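Peer 1: Structure for the following, please:
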Amino acid sequence: MDDEDLPRRRDDVLAALTRQPLDPLSVDELNDRIAVLESEIERTRKHRDAAGAFKMSAEALFRKG
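Peer 2: Here you go, the predicted model:
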């Protein structure tokens, strides 16, 4: 079973983030929020790519054996 198949926890930070109202935020605060989210997306992509490379290496190792 993949992690994406699991139900999200009620206290999931991503779910809470998507429920936050944006109306009270100023344009500068919205721009800051976007910058932080874009940075987090890049960090997450790098981690995903590294994890995928590790998994492929492990699978290749076990196929040779």
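Peer 1: Isn't Leu22 up against Ile34?
Peer 2: No - when contacts are counted by Cβ atoms under 8 Å, Leu22 is not listed as touching Ile34 (10.8 Å). C-beta here means a position set from N, CA and C on the backbone, and glycine is covered the same way.
Peer 1: residues near Asp49, how many?
Peer 2: For Asp49, the count of nearby residues is 10 (other Cβ atoms under 10 Å).
Peer 1: Please, which helix or strand holds it?
Peer 2: Element membership of Asp49, judged by DSSP states H and E, is helix 27-64.
Peer 1: In this protein, which residue is most central in space?
Peer 2: For the chain, the residue sitting closest to the mean C-alpha position, by Cα atoms, centre = their mean, is Thr44 at 4.8 Å.
Peer 1: Please report how far it lies from Arg19.
Peer 2: 20 Å (Cβ to Cβ, to the nearest Å).
Peer 1: Also Ala60?
Peer 2: From Ala60 to Arg19 the distance is 42 Å (Cβ to Cβ).
Peer 1: and if you look at Leu30?
Peer 2: 16 Å.
Peer 1: higher neighbour count, these two?
Peer 2: The neighbour comparison of Leu30 against Arg19 (other Cβ under 10 Å) goes to Leu30, with 11 against 7.
Peer 1: Do you know the pLDDT at the residue lying closest to that one once chain neighbours are set aside?
Peer 2: Excluding the flanking residues, the one nearest Leu30 by Cβ to Cβ, 6 or more residues apart in numbering is Leu22, at 6.8 Å. Model confidence at Leu22, given as pLDDT, is 98.
Peer 1: repeat for Gly52
Peer 2: For Gly52, pLDDT reads 82.
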